[in-house]
Structures are given as C-alpha cells and as structure tokens.
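K.L.:
Quick one, fold the following:
(2 chains)
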Amino acid sequence: DTEVTQTPKHLVMGMTNKKSLKCEQHMGHRAMYWYKQKAKKPPELMFVYSYEKLSINESVPSRFSPECPNSSLLNLHLHALQPEDSALYLCASSRLLSMKEDTQYFGPGTRLTVL
Amino acid sequence: GENVEQHPSTLSVQEGDSAVIKCTYSDSASNYFPWYKQELGKRPQLIIDIRSNVGEKKDQRIAVTLNKTAKHFSLHITETQPEDSAVYFCAASRTNFGNEKLTFGTGTRLTIIP
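P.N.:
Alright, predicted model coming up:
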C-alpha cells in the first residue's frame, strides 16, 4: 500500500458539533502531518507527529485536537468550530529514518464545511 | 522562520512550449526543496525534489535547478502538454528528524493552451 488515505471525503458540521477526521497510512512512515488549505492558497502546517509523539503545534486553536493512536493512524478531533475553519484538511506522512527520507506524501484531503 | 516567494502567480503557455516557475527562500539552513502539482480538487502530488548538495535534477520533461548562493530554485517543464495544467507549489524545509516544516510558496496556476 503506497497511499495515504483520509476519511471522510466531505464533512458538513454545525458550530456545536463534535466530529473527527481520520488519516491512515501503511507505508511504515513514522512522521505524520495535518495541514489546512484554503481555496487558492498553499497548505498551512498545523501539527506534526513523529514516532507517535506531537513534535510541532503551529499555535493551532484548541478547538482542533490531534491524536496519533498508533504509527499508522492520525486523527483530528473537531469541536466548536467556526465558519472560517471551512477548508480542505490534508494529511501527509514521511518515512523519517534518515536525512533523505523526509519527502512528504499527501492524502486526498477532507473538505470541511462549518455552518 | 522560513519564507518562500514564488513567481509568477499565473502562467499561460502554448502547448509544446516550455514553462519556468521561480522560487526564492530566506533560510540558508533549508536543504530540501520539493515541487508539488495540485489539480483542482485533488491532493498535492510530488513531481520532483532537490537537495542542497545538488545543483540540478531532471526527470523526463521536468527539471529543477538550485542556486544555494542566491537562495533560488526553479522548475522547468519542457514540451508542455494539456495535462500539465494545474497549480504548482514550491516548498522548502530543513531536515530536522521529525520536526520538518515544509514552507510552501504561494503557488503558480499553469494553463497550457492547446
């Protein structure tokens, strides 16, 4: 399996809802990332997990809560979001074994709409 | 932190001609420079990358050049085809064993005119 998968593909939620985004990879990669991408903009890094530990949090509001239950799975828990949080949420992974193993591979994304 | 500038923001090229997209970066410690292609509604896909110990890399119709002194790198696409139409992002990062931060350029919308 050479892909990063994400579910769901689309999500519509109200501002009082709690939902979760899921990302999975079976490539043996040990670093996983969450990015947020607004229309016509580049991806913006939110979180980095390396060896299942949170290594970077780019000052993301607490209404976004990441979780890495194991080396293949990455979740993003959403609570009390705002309409401006509507965006494409991308997951990525990289191998993380040596200097030449930091190439990041992206999943297809979850398109989130907050009403 | 790192800052990556990308030009042009839009580029229209006749099919068969070449396209060049340029990026500059600010952090002299950056040592990894990937290029991603993103079609509408799709994921960013890595098309080519280069590391700081190499000045040029080529893969069929795609090539990337790096000038470390000027902190400048460019994407060259030759013999363009309609399927090359997409948004292209350059990026830069510094290898940090799990703490890599990819900083993206603002993107170039490439349109290939048949």
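K.L.:
Within range of chain B, give me the residues from chain A.
P.N.:
Within reach of chain B by CB under 8 Å from any CB of the partner chain, chain A has these residues: A:30-31, A:40-45, A:48, A:50-51, A:55-56, A:90, A:94, A:96, A:99-100, A:102-109. Backbone N, C-alpha and C define where each C-beta goes, glycine included.
K.L.:
Give the pairing partners of the lowest-mean-pLDDT helix or strand in chain A; include direction for each.
P.N.:
Sorting the helices and strands of chain A by mean pLDDT, DSSP states H and E puts strand A:53-57 at the bottom, at a mean of 92. Using DSSP bridges, the strands paired with strand A:53-57 in its sheet are strand A:44-50 (antiparallel).
K.L.:
Of the residues of chain A next to chain B, keep whichever come out buried.
P.N.:
Buried members of these, counted by 16 or more other CB atoms under 10 Å in any protein chain shown: A:30-31, A:42-45, A:48, A:50, A:56, A:90, A:94, A:96, A:102-109.
K.L.:
from the residues you listed, which ones fall inside helices?
P.N.:
Residues of those located in helices (DSSP state H): none.
K.L.:
Give me the subset of those residues that lies in strands.
P.N.:
In strands, defined here by DSSP state E, the members of those are A:31, A:44-45, A:48, A:50, A:56, A:90, A:94, A:105-106.
K.L.:
Ramachandran angles for residue 109?
P.N.:
Went with chain A since none was named. Dihedral pair for residue A:109: phi 90, psi 160, per degrees, to the nearest 10.
K.L.:
um, chain B though
P.N.:
Backbone torsions for residue B:109, taken as degrees, to the nearest 10, come to phi -90, psi 110.
K.L.:
can you pull the contacts of it?
P.N.:
Residues near residue B:109 by CB atoms under 8 Å, 6 or more residues apart in numbering or on different chains: B:9-11, B:86-87.
K.L.:
partners of it in the sheet?
P.N.:
Going by DSSP bridges, residue B:109 forms beta bridges with residue B:10, residue B:87.
K.L.:
Low-confidence stretches in chain B?
P.N.:
Chain B contains residues with pLDDT under 70 at B:97-99.
K.L.:
can we see that at 80?
P.N.:
B:95-100 (pLDDT under 80).
K.L.:
Could you do chain A as well?
P.N.:
A:1-2, A:96-102.
K.L.:
Quick check: the residue of it nearest chain B.
P.N.:
The minimum distance from chain A to chain B, using CB to the nearest CB, falls at residue A:50 (2.8 Å).
K.L.:
what bridges to that residue?
P.N.:
Following DSSP bridges, residue A:50 is listed with bridge partners residue A:31, residue A:53.
K.L.:
Verify the contact between it and residue A:29 for me.
P.N.:
No. Judged on CB atoms under 8 Å, residue A:50 makes no contact with residue A:29 at a distance of 10.0 Å.
K.L.:
what's the overlap in contacts for the two?
P.N.:
Common contacts of residue A:50 and residue A:29, defined by CB under 8 Å, 6+ apart, comprise residue A:96.
K.L.:
Fine by me, we can end here.
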